[in-house]
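Peer 1: coordinates only, sequence not included:
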């Protein structure tokens, strides 16, 4: 047999064997559990925030980007909808070691300046203002007798991607999983949206729907929303 052909066949067989013998990259599934007052979040259920105001939730949606463990980064963007079961889990490459689970709440400025997007960034998802003000990073809507609007409706559409009005926030959570950890549960506690670095009172500020100082103050509370549930 021709020597070059023999070498080629041997190389092909080795490459095929190597590809078949390598297991699929192990994944870890990240689940997001939304709560308020220590109870699971459900549409129209009544909760009380730490400031003593009762309310119900109609919508809770937010963007997560640059997710990963330690120095690993997944550049995909996820849109989490608290009331859509198919959107509240994310699959990521398995972490190499203990450390931190990192992500950004919000959409990087490059996407805000890149014209019409598709997928989770499609404006039809209801998370986009205009080409001038960009994406809504966090959306919370509901009803409360404490709201001063005519319909008792409150809405917090937190966005802004330039200068001092940026509302993207980096989140780092300590991760101490083991080699057997294949499911990670993230608690999203809405209590900490209302009271954190800033107080957000429905009675005084029932609406935030544009970039600015108030939106920036609300975004400062994002880091307190998330924690890892120890299994």
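Peer 2: Sure thing, it's come through. Quantities reported herein were computed from a predicted structural model and do not represent experimental measurements.

Peer 1: dump the residue contacts of the residue nearest to the spatial centre of the chain.
Peer 2: The residue lying closest to the centre of the chain (Cα atoms, centre = their mean) is residue 64, at 3.1 Å. Going by Cβ atoms under 8 Å, 6 or more residues apart in numbering, residue 64 touches 77, 78, 80, 90, 103, 104, 105. Glycine gets a C-beta too; all of them are placed from N, C-alpha and C.

Peer 1: which among those residues end up buried?
Peer 2: 77, 78, 80, 90, 103, 104, 105 (16 or more other Cβ atoms under 10 Å).

Peer 1: hang on, the fourth one packs against residue 27?
Peer 2: The one in question is residue 90. No - in this structure residue 90 lies outside contact range of residue 27 using Cβ atoms under 8 Å: 10.0 Å.

Peer 1: flag the shaky bits of this protein, pLDDT-wise.
Peer 2: Where the chain drops to pLDDT under 70, the residues are 1-25, 96, 115-116, 178-180, 230-231.

Peer 1: can you give me the helices in this protein?
Peer 2: Taking DSSP state H as the test, the helices found in the chain are 3-21, 109-112, 191-194, 213-219.

Peer 1: how near is the residue lying closest to residue 176 once chain neighbours are set aside to residue 70?
Peer 2: Closest residue in space to residue 176, ignoring its immediate chain neighbours: residue 98 at 5.2 Å, by Cβ to Cβ, 6 or more residues apart in numbering. Distance, residue 98 to residue 70, by Cβ to Cβ, to the nearest Å: 9 Å.

Peer 1: repeat for residue 76
Peer 2: 18 Å.

Peer 1: re the thing from before, which of the buried ones among the contacts of residue 64 lies closest to residue 163?
Peer 2: Top of the list for closeness to residue 163, among these and by Cβ to Cβ, is residue 104 at 17.4 Å.

Peer 1: for the closest one, give me its contacts.
Peer 2: 64, 65, 66, 168, 169, 170, 171.

Peer 1: give me the buried entries from those.
Peer 2: By 16+ other Cβ under 10 Å, the contacts of residue 104 give 64, 65, 66, 168, 169, 171 as buried.

Peer 1: just those residues: which are in strands?
Peer 2: When DSSP state E is applied, the buried ones among the contacts of residue 104 are split such that 64, 65, 66, 169, 171 fall in strands.

Peer 1: so what's the residue count around residue 84?
Peer 2: By the measure other Cβ atoms under 10 Å, the count of residues near residue 84 is 10.

Peer 1: list phi and psi for it.
Peer 2: Backbone geometry at residue 84, expressed as degrees, to the nearest 10, gives phi -120, psi 110.

Peer 1: make 22 the starting number, not 1.
Peer 2: Right, with 22 as the first residue, what we last looked at is residue 105.

Peer 1: what residues does it make contact with?
Peer 2: Applying Cβ under 8 Å, 6+ apart, no residues contact residue 105.

Peer 1: just the contacts of residue 85 now: which is nearest residue 238?
Peer 2: Of these, the one sitting nearest to residue 238 (Cβ to Cβ) turns out to be residue 126, at 14.8 Å.

Peer 1: who's in contact with the closest one?
Peer 2: Contacts of residue 126 (Cβ under 8 Å, 6+ apart): 83, 84, 85, 158, 159, 189, 190, 192, 240, 243, 246.

Peer 1: just list whatever residues bridge to it.
Peer 2: Note on residue 126: beta-bridge partners by DSSP bridges are residue 85, residue 190.

Peer 1: for residue 171, see how far away it is.
Peer 2: 31 Å.
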